[in-house]
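**Student:** The sequence and its predicted three-dimensional model are supplied below.
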Amino acid sequence: MTFGKKFNTANLVLVFSILVLVIVVAVPVILIFITAFFENGKFNLAGVMKVLSDPDTYQALLNSVIIATGTTLLSTTIGTFFAWLVARTDLPFKKTMKALFLVPFMLPSFIGALAWKVLLSSRAGYINKLLMAMFGLENAPIDIMSLGGIIAIESMYLFPFVFLQVAGALERMDPTLEESARISGAGLGTITRRITLPLVMPSILAGALLVALYSLSHFGVPSILGTEKGIYNIPTKIYERIYASGGSFGAIRVGTILSMILVIAAALILKLQDVLLKKGQYQIIAGKSMRPMVLKLRGLKVPLLIISIIYICITVVLPTVTIFLVGGLKTYGLTFELKNMTWNNYLKIFQWKMTKDAIWNSIYLSLGAAFVTMLAGTMISYVIVKMKVRGKFLLQFLGVLPFSLPGTVIALGVILTWSGKFGVNLYNTPWIIFVAYIARYMAFSIKSNSASLSQVSDSLEEASRACGATHWQSLKNIVIPLIKPGMISAFFLIFLPALRELTTSVLLYGPTTRTIGVAIYALNEDGETVRAAALASIALIIIFVGETIIRKFLARLDQPRAKVQE
Amino acid sequence: MADLQLSGVSKSYGTRKVLDSLDLTIKSGECFTLLGPSGSGKTVILRLIAGFETPDEGTVSIGGTVVADAKRALPPEERRIGVVFQDYAVWPHKTVFENIAYPLEIAKTSKEKISENVKKAIDQVGLKGLANRYPYQLSGGQQQRVALARALVTTPTVMLLDEPLTNLDANLREEMRFEIKELQRKTGTTIFYVTHDQEVALAISDRLAVMDESGRIRQTGTPDEVYEHPVDEFVHQFLGIPNYIPFEIRDGAAHISAGQDDATDLPITEAPPAAFRGSSGKAACRPMDIQMERGTEGAGMLPAKVLRLSLLGPIVDYLLEVGRIQLRAQMQTEEALARGMIIEEGCECGIRFTDLRWFDAKGEAVR
Amino acid sequence: MSQLKLVDVTKRFGDVIAVDKLNLDVEKGECFSFLGPSGCGKTTTLRMIAGFEDLDEGELSVDGKVISSSFKKYYLPPEQRDFGMVFQAFAVWPHLTVRDNVAFPLQIRRRPKQEIAERVKMALQSTGLTHREENYPGKLSGGEQQRIALARAIAINPKVMLLDEPLSNLDAKLREEMRFEIKDLQKKFGFTIIYVTHDQAEAMALSDRMLVMDHGVVQQVGKPLDIYNKPANKFVFSFIGLSNFIPVDISEGKATIKGAAGVASQAAPADAGLRTLMACRPSDIDFFERDGGADPHAVEATVARRTYLGDIIDYKLVAGESELRVQKPRREKGPLEGERCRIRFNRTLWYSAE
């Protein structure tokens, strides 16, 4: 018989978890804050204002807002329209269309931007050339390298955020909510206006805010389509300053000041989303499965289907084909005739050191980071969700913090923390990217694992204890098997984005630690468009294969036998 | 088999004191039910016995040995108790066999013995042939049986059941209720059953305790004792439709309180018990103890008006107005039909009280 | 005067006939229930009356006016049928206040503001929700939400109210309460009620008349007491109330239970087939004293289980090869567990075992 409380072990785990989060998340953020507001040890608000009122940085701020606003509005409109089309009309081939609308998610938007630059840049864009020839124009009719262009391209690849949320809400909505409106005398128009739309609004807004947050923090598209023309947003401006000054501390400081703006904006957006979701936390999910009211499109059916297909072609097929074709050109600028094409570039990708290293770096960095983040996230989630210890609110706060930190900010924070300040200098090593990834994705891992854990009801663990199993045995036999699917899907949902990201690693890479995203970007910057396209094509293949394999794997995991009961 | 004892147990959550110096003894081998409204703290008692909570004051003992006090507690895995949870807590990633085998595996039992005992348990609860199914392939009732079998397979001395039948439909509830009782009789395990459903409590218990919202035990006894001789109004109304009849003592006899402006005199023929003190109180008559006739002639008959008649299948339920109070009377449909007692709403009839319970002004029973 | 009339109404889902040639006349002001197990077609029928499903064959009319007909190829959509409807999951709009919920059908009909305000007030008063006007449904309990749904349905003073298992999501005590509230509302406003439920006690307590349905086919229509007393077939007998089905041997009008001493009934039907079941309600079986004289109608049995249910005592008896159930009020002290006893069957019905 052993008497005693498991007091010590629980507290130990709590302390360890807090330590992890502090080192990985809190310290970088604090350092950013300090660097921004304190100059030479003194609180210097004037310095901050000076930076903010500098016309150059001010313009970047303004652009960020314009781009984010435009993208949000456009994405929301497109996303809601297609969601409604798929969920509430008798559009044919719905299942396929729904899957196709989600494909833009798979395409890294900066690769899309690259393709569109090739097609619609004012100087050498292929489509522009075509239109100029067809209509005898002197100047290119469309210049994609503009604010409008950035907004359009970002919207193309961000609308799935809204689409998913709204389609999901529309599909899950309790049909009797609309039926009771019908029997009360309302026609379809009134029902949509007074019942459906208001009830779905929280989902629309949630998606829209996500788009806004993403757009503000985004590096890839604005850098490919804007930097050349001097159009900057905050992340690209930060990059430009640091790059131009060769990484001087002054530039980093400007970066931190601008980062604070990003952080505040992000925090506001997240808070707004939280408030909206709580307010709109309507129980609109149906118990019985009945078909919701569907609008008969009649004459509009075929035209709308065609529009949808054209949209998919333009946003998905066209850029992908372009990238592959350009990657096969002997020289950029040539027409797409067979005599101008070669396999050479593709082969070279696997021979050339720079690209070979980049691919390898991305793979092992994202695999490693995903693995570590998954484990750490699981442990921390367990403390938050299941343990009854005091002080876990600290973990909850620290855990959610990175959500509001854009990749650029995390990169800066990581630079400040790990460049020798505390005796450890990881700059220019792959480790600094590794640490940045962990910080970046930790919040997601915690959120995802917390969700799986909260679905495992306490009584399942208690039943195991009542059967004679110790706490650890219960964890091993009951809890972990039940959350394993959640853990694994969290792993892949970190691995894939990390594999293709650019925003964070672009500030942290050294000559030997390029990632795929950085390599493509660098090649584009150097004017090596064809090589960039070839690498981008390979990247697309890796991503596509990866996503497909993983999706099938996850689908097999998700079988009923592993379904968790609440 | 073991007995259970809680002595002077107190438990608080924050500022809310859920249990206050509670004493409870459950005899070895008996089926004991703790009956009380939701939130009364009865589940807390179960969790204290199981070891998922520890007492702030007092001691918890199993089989004569103290397993928990304010300072130390034996962890749940060492208490050798079977627990059946309200939501079954059947593990979705294990088959029926694996679920039931788990406690034996933890105890490092040999493979052959495990197979033997698990098969026996499966037969015992009527799940033959389903050993390789997963919980998602089973109905609610079947999952409940898996939980039962799992709790029984180690032949524990004590079993704790936390409202295991609430999530089942009426027919299944009845069936499972019988099965639990049967199992208990065969194995002689001490059972501690927690519920808010008085029907279950009355049906399965050897003894039961009625608890109120503040965590105080009002009465303990056999179902018969508690139903026939409730110690106060709370117990009486918790176990069934109370039908309280407020009365005043005038000229040595009880009269239904009709209010000052009502001249009708409604005497209650049955006299209050000799020990009754005070000039007013409540009498109570169970619905089936109200005798009904078409007319009001006859000794002890009082006039009543039928406000509502409901056919509830085998039972006819009457909402009656007697003076200014409303009472519910019931009789079996067959009897109602045979005696022509299907009375139209609004019509008069005669009633007589039998087998009254008496409560004084403080709400305590007087016998 | 018939208010709602269904003629040969049929509905198919693929190969399955969900509702098979249903004919029905509901009187004005009646409370009429559809009762049956899940999947029997009662909800489908209600939804056809409401207009959410259209009938494949047949005709549906209200107050003499046709609202859906396969013969005349006519279909009036739900929003024009002027019914009040209450759903099982309440279907109360969470983003509108209680008042706005109730006012909605009146606003759709473009009633003048004054009228809307008056009707809403009256509807809320009738359902006891006056002090909840400004609240949002999310803050209210299940029972209160259902009352919002009721208020919303009666606000337009409909002639017919459709209720689709409105009380299933509420707990037992509340169900009983609200049952009577619905009846009171009907008395006050005088509308006709069509009530769908799988709970026979509820149907019997509420209805003036009811129909029992199984697999799309109507088994019996009538007053609750008549259906209870004279069930048309085995299904109705077993669905309504508790039942015993006892296999018996019949010879010369006498029925005996295999393996049990004594005669169960002397009124067995002459033309009974080989496999006949004697049906009897648990409350229709009486106990006799052990040595209380040789009653020709008594059967010997043993008490296998005696369960105390408070007011009622439930017995499981074994008579020969058959098991049966008896329920008696507690004041009739019956035999104890394990004891032998003699029982008499008071009312019996006879069904074929097929």
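**Tutor:** Received it, and whenever you're ready, just let me know what you need.
**Student:** From now on I want contacts and neighbour counts done on CA atoms only, so please keep to that.
**Tutor:** Will do.
**Student:** contacting residues around the residue nearest to B:A274 when sequence neighbours are not counted?
**Tutor:** Spatial nearest neighbour of B:A274, excluding adjacent residues (C-alpha to C-alpha, 6 or more residues apart in numbering or on different chains): B:R367 at 7.9 Å. B:R367 makes contact with B:P273, B:A274, B:A275, B:F276, B:R357, B:W358, according to C-alpha atoms under 8 Å, 6 or more residues apart in numbering or on different chains.
**Student:** Kindly report the same for B:N132.
**Tutor:** Contact partners of B:N132, counting by C-alpha under 8 Å, 6+ apart, are B:T95, B:V96, B:F97.
**Student:** Kindly report the same for B:P272.
**Tutor:** By C-alpha under 8 Å, 6+ apart, the contact set of B:P272 is B:A253, B:A254, B:W358.
**Student:** Could you export those as CSV, including distance to A:L14, secondary structure and neighbour count?
**Tutor:** Listed next are the contacts of B:P272 as CSV, based on distance: C-alpha to C-alpha, whole Å; DSSP: H, G, I helix; E, B strand; the rest coil; neighbours: other C-alpha atoms under 10 Å in any protein chain shown:
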residue, distance to A:L14, secondary structure, neighbour count
B:A253, 71, strand, 14
B:A254, 68, strand, 23
B:W358, 59, strand, 28
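**Student:** ok, back up a step: could you rank the contacts of B:N132 by neighbour count and give me the top one?
**Tutor:** B:V96 (28 neighbours; other C-alpha atoms under 10 Å in any protein chain shown).
**Student:** any idea whether the residue nearest to it when sequence neighbours are not counted is helix, strand or coil?
**Tutor:** For B:V96, ignoring the flanking residues on the chain, the nearest one in space by C-alpha to C-alpha, 6+ apart is B:A131 at 5.0 Å. Three-state call for B:A131 (DSSP: H, G, I helix; E, B strand; the rest coil): coil.
**Student:** how much space between B:A131 and B:Q142?
**Tutor:** 11 Å (C-alpha to C-alpha, to the nearest Å).
**Student:** again, but for C:K73
**Tutor:** Applying C-alpha to C-alpha, the value for C:K73 to B:Q142 is 49 Å.
**Student:** Look up phi and psi at B:K17.
**Tutor:** Phi and psi for B:K17, reported as degrees, to the nearest 10, are phi -90, psi 110.
**Student:** so what's it closest to, chain neighbours aside?
**Tutor:** Nearest non-adjacent residue to B:K17, counting by C-alpha to C-alpha, 6+ apart: B:K11, 6.1 Å away.
**Student:** Assign that neighbour to helix, strand or coil.
**Tutor:** Secondary structure, three-state DSSP: B:K11 is strand.
**Student:** I'd like to know the beta-bridge partner residues of it.
**Tutor:** Under the criterion DSSP bridges, B:K11 forms beta bridges with B:L19.
**Student:** what about it, neighbour count?
**Tutor:** Neighbours around B:K11, by other C-alpha under 10 Å: 23.
**Student:** Spit out the contact partners of it.
**Tutor:** Neighbour list for B:K11: B:K17, B:V18, B:L19, B:D20, B:P55, B:D56, B:E57 [criterion: C-alpha under 8 Å, 6+ apart].
**Student:** Would you quantify the distance from it to B:T220?
**Tutor:** For B:K11, the distance to B:T220 equals 21 Å [C-alpha to C-alpha].
**Student:** Check A:D357 too.
**Tutor:** Counting by C-alpha to C-alpha - A:D357 and B:T220 are separated by 78 Å.
**Student:** same question, A:R182
**Tutor:** Between A:R182 and B:T220 the computed distance is 56 Å (C-alpha to C-alpha).
**Student:** More neighbours: which of the two?
**Tutor:** Neighbour comparison, A:R182 and B:T220: the larger count goes to A:R182, with 24 against 21 (by other C-alpha under 10 Å).
**Student:** Measure how buried the closest residue in space to that one that isn't next to it in sequence is and give me the count.
**Tutor:** Closest residue in space to A:R182, ignoring its immediate chain neighbours: C:E79 at 4.9 Å, by C-alpha to C-alpha, 6+ apart. Neighbourhood size, C:E79 [other C-alpha under 10 Å]: 22.
**Student:** pretty sure C:E79 contacts A:I183?
**Tutor:** Yes - using C-alpha atoms under 8 Å, C:E79 is in contact with A:I183, at 4.8 Å.
**Student:** just checking, what's the longest helix in chain C?
**Tutor:** helix C:172-189 (DSSP state H).
**Student:** low-confidence ranges in the stretch 151-300 of chain B?
**Tutor:** Applying pLDDT under 70 to the stretch 151-300 of chain B picks out residues B:258-264.
**Student:** Strands of that one, residue ranges please.
**Tutor:** Ranges of strands in the stretch 151-300 of chain B, per DSSP state E, counting those that start in this stretch, are B:158-162, B:190-195, B:207-211, B:217-221, B:244-250, B:253-256, B:280-284, B:290-293.
**Student:** how about the second one, does it reach chain C?
**Tutor:** It refers to strand B:190-195. No - Strand B:190-195 does not reach chain C (C-alpha under 8 Å from any C-alpha of the partner chain); its nearest approach is 14.9 Å.
**Student:** Could you name the helices and strands sitting against that strand?
**Tutor:** On a contact count with 3 or more C-alpha pairs under 8 Å, 6 or more residues apart in numbering or on different chains; DSSP states H and E, strand B:190-195 meets strand B:31-35, helix B:42-50, strand B:158-162.
**Student:** Could you tell me the end-to-end distance of stretch A:340-354?
**Tutor:** 25 Å.
**Student:** Please read the previous query as pertaining to stretch C:49-58.
**Tutor:** End-to-end distance for stretch C:49-58: 12 Å, by C-alpha to C-alpha.
**Student:** List the buried residues of that stretch.
**Tutor:** Across stretch C:49-58, burial judged by 16 or more other C-alpha atoms under 10 Å in any protein chain shown covers C:I49, C:A50, C:G51, C:F52, C:D54, C:L55, C:D56, C:E57, C:G58.
**Student:** Inside helices: which ones of those?
**Tutor:** Among the buried residues of stretch C:49-58, the ones falling in helices (DSSP H) are C:I49, C:A50.
**Student:** Which one of the buried residues of stretch C:49-58 is nearest to A:V13?
**Tutor:** Taking C-alpha to C-alpha as the measure, A:V13 lies nearest C:F52 of the buried residues of stretch C:49-58, at 57.0 Å.
**Student:** gap between that closest one and A:I183?
**Tutor:** Distance of C:F52 to A:I183, given as C-alpha to C-alpha: 9 Å.
**Student:** With B:T354 instead?
**Tutor:** 52 Å.
**Student:** do the same with B:L130
**Tutor:** 46 Å.
**Student:** Looking at those two, which has the bigger crowd around it?
**Tutor:** Each of B:L130 and A:I183 has its neighbours counted (other C-alpha under 10 Å); A:I183 has more, 24 against 17.
**Student:** Tell me who's in contact with that one.
**Tutor:** Counting by C-alpha under 8 Å, 6+ apart, A:I183 makes contact with C:A50, C:P78, C:E79, C:Q80, C:R81, C:D82, C:F83, C:G84, C:M85.
**Student:** Where neighbours are concerned, which of those has the most?
**Tutor:** Compared across the contacts of A:I183, C:G84 has the highest neighbour count, 28 neighbours, by other C-alpha under 10 Å.
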